[in-house]
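Novice: Generate a structure from the sequence data that follows.
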Amino acid sequence: MLFHSIYKMNFMKINVWVLTVAMLFLFLPAANSQQTVTGFEAPESVIRAGDKLFVSNIGGATADPMAVDSNGFISELSKEGKLIQRKFQKGVLNAPKGMAIVREVLYVADINRVVGFNIHSGDQVFLIDIPAKMLNDLCRVDDRHLCVSETISGRIMLIDLQDKSIRFLGSIEGANGVTYDEKTGIVYAVGMGVNMTGGKMYMKDLKNTDTVFTMLQASPTGIFDGLEMFDRHHLIASDWISFTSKNGRLLVYDLENHSTAAFTIEAGPADITYDPESHTVYVPQMMQNSLLIQNMKNLRE
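Specialist: As a prediction, this is how the structure comes out:
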């Protein structure tokens, strides 16, 4: 277990947050510590499916995340980072961003629509138009539903894949990364903040019919992009820090102790995915047109 054990003694209380972080990185298995894969065009999101990776590319020499320009694409790679197909999908994409997989279909948010492709053939099998300026992240809820964020309005919505209905869940400033905990039924979300100057972390129980997202206790602040479950008790998020910063961050937030550990990485970390079995985080680096494959063992606060 990570971070959440607190030992009590008769004469004092010792919070073992720092100690357990150190123990985590001491005992994580060593594997490929770091690898950088190049050759993308403004990679925005990455998702792993079995032994494959899919990377969404906004595309273009001067990538515009809101341009309907038909030059976006999804690349297919092996989990080790070897290119299989530069353009995987059979269909037009403009500025694809967040992705999710449901029942052998790869769904991607593409400005004002969500498009689905057969994960084996690349054939387009789904399309829903959504009034929006910049749909951003997607996450799977169950075999029928996806969550999608819209950054400009801050809206977060639930899509029914069968009848294509849309339920408004609520809004946060600069909504971006979303992830879902199947055990608790909670959607977590992060934002980029007002005018992308710094956002927070939020949660919402899907059973509640209100449209309120609650800020997490002692939430860190950041220009957040990707968000994933790190394990049952932690979230991992990517943070640009600022759009001119020389570095980015990965933040691990403890849902029980409300503490945050921050790890420095290269600038421009976009929509990440995390593999808990290998302790590997996959980080699209939009500014470098590359994908970082990083074992968490070698990161330090």
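Novice: quick one, strands of the stretch 201-301 of the chain?
Specialist: 201-205, 214-215, 224-231, 234-239, 247-254, 260-266, 273-275, 280-285, 290-295 (DSSP state E, counting those that start in this stretch).
Novice: What's the local residue count around residue 278?
Specialist: For residue 278, the neighbour count with other CB atoms under 10 Å is 17. All C-beta spots, glycine's among them, are computed from the backbone N, C-alpha and C.
Novice: Test my guess that it contacts residue 293.
Specialist: No. If you go by CB atoms under 8 Å, residue 278 and residue 293 don't touch, sitting 9.8 Å apart.
Novice: any weak-confidence spans in the stretch 201-301 of the chain?
Specialist: 300-301 (pLDDT under 70).
Novice: thinking again about what came up before, for residue 57, find the nearest of the strands of the stretch 201-301 of the chain.
Specialist: With CB to CB as the criterion, residue 57 lies closest to strand 280-285 of these, at 8.9 Å.
Novice: Run the chain-centre distance for the closest one.
Specialist: Centroid separation for strand 280-285 versus its chain: 10 Å, with CA atoms, centre = their mean, to the nearest Å.
Novice: Taking strand 260-266 as reference, get the angle to it.
Specialist: Relative orientation of strand 280-285 and strand 260-266, computed by axes from the mean of the first three to the mean of the last three CA atoms, to 10 degrees: 50 degrees.
Novice: quick check: angle from strand 280-285 to strand 290-295?
Specialist: 160 degrees.
Novice: For residue 272, give me its contacts.
Specialist: 46, 225-228, 236-238, 250, 281-284 (CB atoms under 8 Å, 6 or more residues apart in numbering).
Novice: can we see that at 10 Å?
Specialist: Contact analysis of residue 272 by CB atoms under 10 Å, 6 or more residues apart in numbering lists 45-47, 177, 225-228, 236-238, 250, 265, 281-284, 292, 294.
Novice: how much space between it and residue 51?
Specialist: 19 Å (CB to CB, to the nearest Å).
Novice: and what of residue 288?
Specialist: Applying CB to CB to residue 288 and residue 51 gives a distance of 25 Å.
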